[in-house]
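K.L.:
quick one, structure for this:
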Amino acid sequence: MLNWLSRRVVTAPASALSASMLLLVAAVLPVAFAHEHDESYIQEGQAISAAPIDTTLWIHIFIQMAAWGLIFPLGMVLGMVKSRWHVPLQTLGTVLAIVGYFLGHKHKGRTFRHNNAHSKFVAPISLMLFAQIVFGIYLKLHLEKGIFGKIRRVVKVGHGIIGKALPVLSWTQMLLGGITALGFCQGEHTTQCVAHFIMGSAFIAYGILLTILLLVGQLWLRRTGRSQEFFDSAVITAWGVVNTFAEHRWGSAWVENDWQHTTMGVIWLCAGLVGVWLSRDRHGRPQRNFIPGFIILITGWAFGGHPQHAAVSAEVHKMYGYTLMAAGATRIIEVSFVLRDRPALSADGSETSSFQYIPVFLLYASGFMFMGATEEQMELIANSGMDHIAYILILFSMAALLFLFTLVLIHVYDSNASSSVSKKESDADRLGPRLNGNVPIRDAQEFELEGLMSDDEDGSPIKHNRDDDSFNSTLGKNSDGSSR
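P.N.:
Numbers count the residues shown, from 1 in each chain. Down below sits the predicted model:
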């Protein structure tokens, strides 16, 4: 077996192995080498020095954003559809990430505390990248015989899990980088700062998941036998449990916003349970309901009314509340009136209404506004001379860019997955099951019923009800084909 393995390694392209080994060694360098921070320029009680960010550090920021925020997510999608561009793109991302790492340790200007969260997170995310490269090299060798075949199955699963986890960890690291660069979330500000970034990221993640389900996720939803509101309400209930018992230190005095935060957890818990119950009808079939939209609406109303100490903070929180309320209201309208409790507009899920994008985008915008409304950020904006209107427009612009990037990734997945569907499978989907292998059953049934239909029935549009199985599947034809 070892001889066979050695032959597979020897017969692999030398250039590919050399490049892979080089990336393998380089990816672990961030873990092996520590960076010394000169803290002599940092004043007591501060997290950063007063010096500005220099050009080298700006280059580090933009390179890492390109590698971890753009290239790796795009490469992940290309890997899911087995595109030949997956490996080259991930290789480019790894090279840029390594270059950006060293630039981050060669900068002048602003200095930081050595124990900041951004630098501490380098080791785990670099180890994950290292593991991803190892898995990728193993899969590239195509070792499929004997024990190596069993190992390959495990490696393939691990490669997929890490690949899908990296965008989430990259988002976390980029947020920590921005927090560290500005010296935020220190001392008494830490708790509310962490709460803002976690909750804001959660709303953005919810928006991304809704975008995926809207465009390419309905087949998966059909296989679960659950309505979308079941999963939404289950997550809302779990979050409500956490908020109910974690927002207030029980046994101590109730201070400032403790009442609002805790009762918000209570309404999430109680209403979430209602949403779970309403997610099935009396016959046990999946059923849409209004509860997730209502929770989003009432949460926006509550957050918009939080007392604030600064005028700019009050205006930003007010706009955040309006945006979240609009997201909840439009979600209720979408489910109840646009879709009329159906999973989608069409049986194959290929049609979407422009209205369906409104609550999704507003969730992105709500997330960015809540992340951008911490006490330290509001103080920075107030002292910069920028008014709240300009700041809110910047946050909406950032939400639009992320929304666009998400749509691009979904389009890349959808278009590449559809190309793998053969014409035979497409015809089978279009015509449906056949009678005696020749005549489509649907055509035969229509032929037999033709004489029994009146002229009025024949000319009227087809109406669907809740029992119509054609609405149990709402996935577009391309995603349906890719799942085979």
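K.L.:
for the stretch 1-150 of the chain, give me the ranges with low pLDDT.
P.N.:
1-38 (pLDDT under 70).
K.L.:
tell me which element the closest residue to M264 other than its chain neighbours falls in.
P.N.:
Spatial nearest neighbour of M264, excluding adjacent residues (Cβ to Cβ, 6 or more residues apart in numbering): A302 at 5.6 Å. C-betas here are computed from N, CA, C, even on glycine. Assigned by DSSP states H and E, A302 belongs to helix 291-304.
K.L.:
and the helix or strand following that helix, what does it pack against?
P.N.:
Note on helix 291-304: by DSSP H and E, the next helix or strand toward the C-terminus is helix 311-333. Helix 311-333 sits against helix 291-304, helix 357-371, helix 375-384, helix 388-418, with contacts defined as 3 or more Cβ pairs under 8 Å, 6 or more residues apart in numbering; DSSP states H and E.
K.L.:
which residues touch F303?
P.N.:
F303 makes contact with 317, 320-321, 324, 370 under the criterion Cβ atoms under 8 Å, 6 or more residues apart in numbering.
K.L.:
and what of T352?
P.N.:
By Cβ under 8 Å, 6+ apart, the neighbours of T352 are 214-215, 344-345.
K.L.:
can you name the two of these that are farthest apart?
P.N.:
L215 and L345 (12.4 Å; Cβ to Cβ).
K.L.:
which one's more surrounded, those two?
P.N.:
Between L215 and L345, L215 has the larger neighbour count (other Cβ atoms under 10 Å), namely 23 against 16.
K.L.:
please report how far that one lies from R342.
P.N.:
Counting by Cβ to Cβ, to the nearest Å, the gap from L215 to R342 is 16 Å.
K.L.:
give the contact list for T323.
P.N.:
T323 touches 300, 362, 365-366, 369, counting by Cβ under 8 Å, 6+ apart.
K.L.:
oh, I was asking about Q186
P.N.:
Q186 neighbours (Cβ under 8 Å, 6+ apart): A47.
K.L.:
over to it: give its phi and psi.
P.N.:
phi -110, psi 150 (degrees, to the nearest 10).
K.L.:
please apply the same query to I53.
P.N.:
phi -70, psi 130.
K.L.:
could you do N243 as well?
P.N.:
Residue torsions, per degrees, to the nearest 10, at N243 are phi -60, psi -40.
K.L.:
how far away from the center of its chain is the strand or helix carrying S126?
P.N.:
In the assignment (DSSP H and E), S126 maps to helix 122-140. Remark: helix 122-140 is offset 21 Å from the chain centroid, using Cα atoms, centre = their mean, to the nearest Å.
K.L.:
the helix or strand following that helix packs against which elements?
P.N.:
Per DSSP H and E, helix 122-140 leads on to helix 147-182 as the next helix or strand towards the C-terminus. Of the remaining helices and strands, those touching helix 147-182 by 3+ Cβ pairs under 8 Å, 6+ apart are helix 55-64, helix 72-80, helix 117-120, helix 122-140, helix 190-215.
K.L.:
just name the most buried of those helices.
P.N.:
helix 72-80 (a mean of 21; mean count of other Cβ atoms under 10 Å).
K.L.:
ok and that one relative to helix 388-418, angle-wise?
P.N.:
What separates the directions of helix 72-80 and helix 388-418 is an angle of 20 degrees, with axes from the mean of the first three to the mean of the last three Cα atoms, to 10 degrees.
K.L.:
and for the closest residue to S201 other than its chain neighbours, the neighbour number?
P.N.:
Distance criterion Cβ to Cβ, 6+ apart; nearest residue to S201, sequence neighbours excluded, is G367 at 6.5 Å. Neighbours of G367 under the rule other Cβ under 10 Å: 28.
K.L.:
now P286: how far from G275?
P.N.:
Relative to G275, and taking Cβ to Cβ, P286 is found at 13 Å.
K.L.:
which residues are in contact with both of these two?
P.N.:
Residues touching both P286 and G275 (Cβ under 8 Å, 6+ apart) are F230.
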